[in-house]
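K.L.:
turn this into a model:
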Amino acid sequence: MGVSNEKVDQWLDISQNIASTMVSNNQFVEAALELAEATAINGMSYHSVVEDYSQKPELSKKLDVEIQQKRKEIAGLKEGYKSKKSRIRQCVPLPG
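P.N.:
Predicted coordinates:
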């Protein structure tokens, strides 16, 4: 990890001080490692991860609205298809 043995104790002390009763030391370290991995792989900084995460609920709501609109459009198209199909059957006798 690029941390000397002397710094390991300092890192442990820091993580214990930052971690709270809501977040265990292990959870804190795991989150820090995941963030470091995201930064290394995707080039995403802490701020970009937080910003991206913060935008997800709003984007999700917009997508839910759009999905509902598309479902209504599909239902309307299906109803129109059934209506046209019914009118065609009334006009054209089936062979037989």
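
K.L.:
check which helix or strand the most centrally placed residue in the chain maps to.
P.N.:
Taking Cα atoms, centre = their mean, the centroid of the chain lies closest to K56, which sits 6.0 Å from it. Element membership for K56, per DSSP states H and E: helix 46-91.

K.L.:
which strands and helices sit next to that helix?
P.N.:
helix 25-42 (3 or more Cβ pairs under 8 Å, 6 or more residues apart in numbering; DSSP states H and E). For glycine as for every other residue, the C-beta is placed from the backbone atoms N, C-alpha and C.

K.L.:
by contact count, what packs against the helix it packs on?
P.N.:
helix 5-18, helix 46-91.

K.L.:
now those helices in JSON lines, with distance to F28 and mean pLDDT?
P.N.:
JSON lines is the format used below for those (distance: least, Cβ to Cβ, whole Å; pLDDT from 0 to 100):
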{"stretch": "helix 5-18", "distance to F28": "5", "mean pLDDT": "74"}
{"stretch": "helix 46-91", "distance to F28": "14", "mean pLDDT": "91"}
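
K.L.:
got the ones you listed as TSV, with distance to A38 columns?
P.N.:
Shown next, in TSV, are these (distance: least, Cβ to Cβ, whole Å):
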stretch	distance to A38
helix 5-18	18
helix 46-91	6
